[in-house]
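K.L.:
3D model of this:
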Amino acid sequence: MRVIRVTDLEHDGLADYARLTDVVLRRLSEPVDGLYIAESPKVIERALAAGHRPRSFLVLEKWLDDLVPLAGHHDVPVFVGDDELLMTLTGFSLHRGALASMHRPTLQPVEDLIAEAQRIVILENIVDHTNVGAIFRAAAGLGADAVLISPRCADPFYRRSVRVSMGTVLQVPWTRLPEWPIAGPILKDAGFHLAALALADDAVALDEFAIDPPPKLAMLMGSEGDGLSRQALEVTDTVVTIPMLHGVDSLNVAAASAVAMWALRPR
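P.N.:
Numbering: from 1, shown residues only. Predicted coordinates:
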């Protein structure tokens with residue numbers, strides 16, 4: 001690694017870290033230069049363990065020694081500075097100590113990603129990055145083999161998604177689906193039963209469906225406001241609902257996904 005002590009913000013390599021506030025980043029989706037930001041040593045460690053290539057690191061002086069075991073084998077710049085200067089650069093305090101600018105891995109074709117999978121999770125048009133990160137964390141902890149996301153779903157490599165997931169978006173295989181007229185046949189040809197988490201008059205209770213679930217199962221989760229689209233429900237094999245009490249009709253999508261993944265985990 002090449003340690004560069006930052007005394008001003010003119011160095012070209014610092015551009016990756018400029019204005020990382022949520023307000024700015026929400027305007028970007030999977031940027032054309034193919035980078036994402038990993039925040040905190042734990043997340044950076046998971047990114048490197050997944051084989052992702054760093055372009056540079058940004059670290060507070062007092063955290064430099066902790067970064068050496070992670071960054072030491074990579075011939076890339078390690079920018080070191082004080083909190084006030086780096087906060088001016090990024091737009092927030094680096095209280096987690098370190099950031100890394102990482103090259104995005106190439107997304108696999110859907111067919112390749114699900115070829116050996118038994119349980120997959122499909123996120124349709126979920127736009128809240130916190131929900132996306134929480135669902136990936138549940139997928140990692142509860143044994144989902146892959147996550148597929150719709151064309152308009154929020155970016156899992158967005159900084160908040162990565163942080164909320166505790167870096168698990170970097171270890172759970174995922175890719176983007178095409179639109180449903182193409183995606184539906186791909187999933188059916190691969191042998192998946194599509195179970196939509198939704199409210200419907202003919203919905204099957206989750207505990208009943210979980211008694212004998214299909215061996216290859218795709219769980220569909222819809223957007224926070226409107227739920228699953230008509231196109232998604234048209235390709236669905238079974239609508240599944242979580243029985244609720246006290247007049248509550250549904251859970252937050254991240255909570256519902258965790259409940260469903262636990263109930264439908266492979267036995």
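K.L.:
quick one: the strands in the stretch 51-200 of the chain?
P.N.:
Ranges of strands in the stretch 51-200 of the chain, per DSSP state E, counting those that start in this stretch, are 54-60, 77-81, 98-103, 119-123, 146-149, 174-176, 193-197.
K.L.:
Just the pLDDT for the residue nearest to Arg265 when sequence neighbours are not counted.
P.N.:
Using C-beta to C-beta, 6 or more residues apart in numbering and skipping residues adjacent in sequence, the residue nearest Arg265 is Gly143, 5.3 Å away. Where C-beta positions appear, they are placed from N, C-alpha and C, glycine not excepted. In the predicted model, Gly143 carries a pLDDT score of 89.
K.L.:
Could you chop this structure up by domain?
P.N.:
Using automatic domain parsing, the domain ranges for the chain come out as 2-103, 110-263.
K.L.:
list the contacts for the nearest residue to Pro109 once chain neighbours are set aside?
P.N.:
Nearest residue to Pro109 in three dimensions, chain neighbours excluded: Thr175, at 7.2 Å (C-beta to C-beta, 6+ apart). Thr175 makes contact with 107-110, 113, 146, 148-149, according to C-beta atoms under 8 Å, 6 or more residues apart in numbering.
K.L.:
Out of the domains of the chain, which gets the lowest mean score?
P.N.:
Looking at those, the weakest mean confidence is domain 2-103, a mean of 83.
K.L.:
Could you check stretch 215-229 and say which residues are buried?
P.N.:
Neighbour-count burial for stretch 215-229 flags 216-223, 227-229 (criterion: 16 or more other C-beta atoms under 10 Å).
K.L.:
Name the residues that touch that stretch?
P.N.:
By C-beta under 8 Å, 6+ apart, stretch 215-229 touches 117-128, 131, 135, 148, 180, 187, 190-199, 232, 236, 252-253, 256-257, 260-261, 264.
K.L.:
Whichever of those residues end up buried, select them in PyMOL.
P.N.:
Those of those that count as buried under 16+ other C-beta under 10 Å are selected in PyMOL with:
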select buried, resi 117+118+119+120+121+122+123+124+125+126+128+131+135+148+180+187+190+192+193+194+195+196+197+198+232+236+253+256+257+260+261+264
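K.L.:
Understood, closing this out.
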